[in-house]
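Enquirer: only geometry, no sequence info:
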């Protein structure tokens, strides 16, 4: 089967769960014998730098797309001059800003991209389609998320392939847009959905949220959970010598690193956890955002700077090594997530998770038995949830063994490829 994956590149500057998902699926499909082509948009897909899967050039270069939207006379500039802004060095610079990009000021651009050939980026779309037509035609065009569905009408016109679209956390971006762009973008995606043969929500929780919001019939949707490489993410020979609490996610306020820091400070005050350590990863540390500086200053003010490691270990193979160094992982997020990939990555390494009752966290924890869900989302509530796992090694080990077994059985990449192949074949038939 020939598959084109159209994906928004993150530039590799932070832990992008959707990027990890897309890379894992494409590599596994490639390894299973499919002809897979990655077609990145906006920024380079640095996670694929080892060349495991063929890649197209970057289309819809982030700097060009922004200037086309915000500068009225920009489209009149010579195409050759504009293409210079897609140079690797400029896109690497833009990638450094990607981890802190917010939806608030980008409503008009989000809608314009969703408008396809009726938007300001019509030239980018035509260039992308023209390049794709130089390749052997695909059977399946897999779009990474619904925010890219402005491509769908032109893709349907250009190729006989079936179009599928993964659904994961689009609502977070769309609901953060200001009026009237928020409503216009939701309506546009609902209209574009008729060009898509099948949607793939990554959890039952997210399917229950998005199907009614996009008015999608059951026959058009197939819930397929994410999968990971359970050989790469495997338990260590022995647990860490001292209890170690970990954080793996974007280093931004919605993921609650500040809440975890407060819980860590409170736990360290207890005699039985006087040697507790905290390890944090999820993005480039040289970005030094105001939020990260405040968290680090709070830890230093508590006299615990030497007990906390901030490391750039969010890309493989460092990420699996980071997880194996932990006793417990917790990401006390403030907003729901459609899945929480870090949960199954930690569980595969035998590390239990402690998560708030938000989004799909309870669904994944209940399905695996690999962690604890808590209701009181204050630092005190998190302390109560973490304390037993940090002070009772055998309890943590039981959760870790259960999580590892469930992830191997139900959340592996081979299982994901089988489920995806089955859905693809049903759509092609």
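Expert: Perfect, thanks for sending it. Only a predicted model underlies this, so the values are computations on that prediction, with no experimental measurement involved.

Enquirer: mind checking the longest helix of this structure?
Expert: Longest helix in the chain by number of residues, with DSSP state H as the criterion: helix 393-410.

Enquirer: what mean pLDDT does that one have?
Expert: On average, the pLDDT along helix 393-410 is 98.

Enquirer: got it, and stretch 182-200?
Expert: 97.

Enquirer: How about residues contacting it?
Expert: 107, 110-111, 114-115, 143, 146-147, 149-150, 152-153, 155-156, 162-167, 170, 174-177, 210, 213-216, 220-224, 420, 423, 427 (C-beta atoms under 8 Å, 6 or more residues apart in numbering). From N, CA and C alone the C-beta is placed, and that goes for glycine too.

Enquirer: From the residues you listed, which land in strands?
Expert: With strands taken from DSSP state E, the overlap with the contacts of stretch 182-200 comprises 143, 162, 163, 164, 165, 166, 167.

Enquirer: For these, please prepare CSV with the additional fields distance to residue 194 and neighbour count.
Expert: As requested, the ones in strands among the contacts of stretch 182-200 are exported to CSV (distance: C-beta to C-beta, whole Å; neighbours: other C-beta atoms under 10 Å):
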residue, distance to residue 194, neighbour count
143, 14, 24
162, 14, 20
163, 11, 23
164, 14, 21
165, 12, 26
166, 18, 24
167, 16, 23
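
Enquirer: Just the element for residue 323, please.
Expert: Using DSSP states H and E, residue 323 sits in helix 318-324.

Enquirer: Return the distance of that helix from the chain's centre.
Expert: Centroid separation for helix 318-324 versus its chain: 17 Å, with C-alpha atoms, centre = their mean, to the nearest Å.

Enquirer: And the next helix or strand past it?
Expert: strand 328-329.

Enquirer: Now do the helix or strand just after that next one against helix 393-410, angle only.
Expert: For strand 328-329, the following helix or strand on the C-terminal side (DSSP H and E) is helix 341-348. Between helix 341-348 and helix 393-410, the angle comes out at 110 degrees (axes from the mean of the first three to the mean of the last three C-alpha atoms, to 10 degrees).

Enquirer: what does helix 341-348 contact?
Expert: In this structure, residues lying in contact with helix 341-348 by C-beta under 8 Å, 6+ apart are 15, 17, 20-21, 226, 228, 230, 233-234, 246, 248-249, 319-320, 323, 326, 329, 331, 352-353, 355, 361, 364-365, 368, 370-371, 400, 403-404, 406-408, 411.

Enquirer: Now the buried members of these.
Expert: Neighbour-count burial (16 or more other C-beta atoms under 10 Å) applied to the contacts of helix 341-348 gives 15, 17, 20-21, 226, 228, 230, 233, 246, 248-249, 319-320, 323, 326, 329, 331, 352-353, 355, 361, 364-365, 368, 370-371, 400, 403-404, 406-408, 411.

Enquirer: Run a quick neighbour tally on the spatially closest residue to residue 10 that is not a sequence neighbour.
Expert: Residue nearest to residue 10 in three dimensions, not counting chain neighbours: residue 16, with 4.0 Å by C-beta to C-beta, 6 or more residues apart in numbering. Using other C-beta atoms under 10 Å, residue 16 has 25 other residues around it.

Enquirer: what's the answer for residue 212, then?
Expert: 9.

Enquirer: What of residue 341?
Expert: Around residue 341 there are 26 residues (other C-beta under 10 Å).

Enquirer: What of residue 426?
Expert: 12.

Enquirer: Look up how far residue 211 lies from it.
Expert: Computed with C-beta to C-beta, to the nearest Å, the distance linking residue 426 and residue 211 is 18 Å.

Enquirer: Same question for residue 21.
Expert: Distance from residue 21 to residue 211, by C-beta to C-beta: 20 Å.

Enquirer: Kindly report the same for residue 288.
Expert: Look at residue 288 and residue 211: by C-beta to C-beta, they are 41 Å apart.

Enquirer: of those two, who's got more company?
Expert: Legend: neighbour count by other C-beta under 10 Å for residue 288 and residue 211, higher for residue 211 (18 against 10).

Enquirer: gap between stretch 396-411 and the chain center?
Expert: That offset, for stretch 396-411, works out to 22 Å (C-alpha atoms, centre = their mean).

Enquirer: And the contacts of it?
Expert: Defining contact as C-beta under 8 Å, 6+ apart, one finds that stretch 396-411 is touched by 225-228, 230, 233, 235, 239, 327-328, 344, 346-353, 367-372, 389-390.

Enquirer: Run through the helices of the stretch 251-400 of the chain in chain order.
Expert: With DSSP state H, counting those that start in this stretch as the criterion, the stretch 251-400 of the chain has helices at 257-268, 290-301, 318-324, 341-348, 361-368, 379-391, 393-410.

Enquirer: and what of the stretch 51-200 of the chain?
Expert: With DSSP H, counting those that start in this stretch as the criterion, the stretch 51-200 of the chain has helices at 62-70, 79-83, 88-98, 107-114, 122-132, 152-158, 170-176, 181-192.

Enquirer: ranking those helices by mean pLDDT, which is last?
Expert: Between the helices of the stretch 51-200 of the chain, the one with the least mean pLDDT is helix 88-98; it has a mean of 47.

Enquirer: thinking again about what came up before, give me the phi and psi angles of the residue nearest to residue 10.
Expert: Phi and psi for residue 16, reported as degrees, to the nearest 10, are phi -100, psi 110.

Enquirer: ok, now how distant is it from residue 29?
Expert: Applying C-beta to C-beta, the value for residue 16 to residue 29 is 19 Å.

Enquirer: which ones are touching the residue nearest to residue 322 when sequence neighbours are not counted?
Expert: Residue nearest to residue 322 in three dimensions, not counting chain neighbours: residue 313, with 4.0 Å by C-beta to C-beta, 6+ apart. Contact analysis of residue 313 by C-beta under 8 Å, 6+ apart lists 281, 319, 321, 322.
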